[in-house]
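Peer 1: Quick one, structure for this:
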Amino acid sequence: MEIGGIERELSRLWSELAHPQPGDAQAAPVLRTCTLNLVVAGCGGEQADVAPLLAEVAVRHPARCIVVVGDGEGERPRAWVNITCHAAGRGQQQVCSEQLILQAPASALHQVIGSVAGLLVADLPAFLWWRGRPPASDLEKERFNHLARVVDRVVLDSARFSGEELVGAAELVRAYPRLAFGDLNWARLTSWRAAVAQVFDPPAMQAQLASLSRARIAHPGGEPSAAVRLLAGWLQSRLQPPPEVELTGSDAEVVEIDLPGGTIRVPRPAPPTDAQALSEELRIVGRDAVFKQALYAATGSPE
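Peer 2: This next block holds a predicted model:
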């Protein structure tokens, strides 16, 4: 359909859900609710594969999801609309969310991005999940800048970022002081950070913090991942004076902390799924100062 027909199609679908036909399997009452807007875009590549993940996230965060897809085929923008529902409980209302897919060839992608603002639900927080690397080319920066004007918070995913791209993420955060930023990769570190922090919960351990001058993070593979770099940045930004953090190759991911009483090892717990990580980031509307400080420390960027 044409992008201009999205609201009309949504009204038709909601009307069908509100007035099911006799014998319709989806006869439970439908609750139309929306807690936020989520725009999904990136530096190219297919975005439509996120539909199942967004449906899972909508169970926790009923939302209007707007997915921008770049496609080399076709001559003009097209749109698809879908409403996904889940039962709030046995015999209870179905809670439903909206998914809007906007697709256009590269030559017309600016038209699609320009239409996003008019599709956002007013008076609700707007998130941008920017998939892939930070915008690098002039065209990518222009698209990001256009979307940044209409959202409140940007969520990245630095899981596959190189060291240079992690620096690019820090530069992006600095370039947009109005926006709040998050990172799915950072959300995946939550349980590991909590496990390290819990080591120092006992008063006797807190007394040893002042003597902590060195820590190691063991990681598999050659170059340390962005997650390992962020965890090192977190340790350096939260402790005063900042400890020296050594990144060493190993078969497993583990934090080793040298204290007067010996070395404490904290292995990485199982990370959350992508849907769980995104759900965690969507709970945060404001700025995450701890993430920002960890990112700057990880990349050697001045605050």
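
Peer 1: average pLDDT across stretch 190-206?
Peer 2: Stretch 190-206 shows a mean pLDDT of 92.

Peer 1: can you pull the contacts of R216?
Peer 2: 245-248, 255-256, 258 (CB atoms under 8 Å, 6 or more residues apart in numbering). (Glycine included, C-beta is placed from N, CA and C.)

Peer 1: Make a markdown table out of the residues you listed and add pLDDT and distance to G300.
Peer 2: Compiled in a markdown table, the contacts of R216 are given as follows (pLDDT from 0 to 100; distance: CB to CB, whole Å):
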| residue | pLDDT | distance to G300 |
| --- | --- | --- |
| V245 | 95 | 12 |
| E246 | 95 | 16 |
| L247 | 96 | 14 |
| T248 | 94 | 19 |
| V255 | 96 | 20 |
| E256 | 94 | 22 |
| D258 | 87 | 23 |
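
Peer 1: In strands, which of those appear?
Peer 2: 245-248, 255-256, 258 (DSSP state E).

Peer 1: For the residues you listed, could you give me a markdown table that also reports neighbour count and distance to D157?
Peer 2: As requested, these are exported to a markdown table (neighbours: other CB atoms under 10 Å; distance: CB to CB, whole Å):
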| residue | neighbour count | distance to D157 |
| --- | --- | --- |
| V245 | 21 | 23 |
| E246 | 12 | 26 |
| L247 | 16 | 21 |
| T248 | 11 | 25 |
| V255 | 23 | 22 |
| E256 | 17 | 27 |
| D258 | 15 | 32 |
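
Peer 1: Kindly indicate which of those lies nearest R193.
Peer 2: V255 (9.6 Å; CB to CB).

Peer 1: my read: that closest one touches I217, true?
Peer 2: Yes. Using CB atoms under 8 Å, V255 is in contact with I217, at 5.4 Å.

Peer 1: Mind picking the two most distant members of the ones in strands among the contacts of R216?
Peer 2: Longest span within those, CB to CB: L247 and D258, 14.9 Å.

Peer 1: Partner strands of the helix or strand of the chain with the lowest mean pLDDT and their direction?
Peer 2: Within the chain, no helix or strand scores below strand 30-32, which has a mean of 76 by mean pLDDT, DSSP states H and E. Using DSSP bridges, the strands paired with strand 30-32 are strand 94-104 (parallel).

Peer 1: now the spatially closest residue to A227 that is not a sequence neighbour: how far from F161?
Peer 2: Spatial nearest neighbour of A227, excluding adjacent residues (CB to CB, 6 or more residues apart in numbering): N185 at 5.4 Å. N185 sits 8 Å away from F161, going by CB to CB, to the nearest Å.

Peer 1: Would you mind listing the buried residues in the least confident helix or strand of the chain?
Peer 2: 30, 32 (16 or more other CB atoms under 10 Å).

Peer 1: Ok, stretch 128-139 next?
Peer 2: Buried, per 16+ other CB under 10 Å, within stretch 128-139: 128-135.
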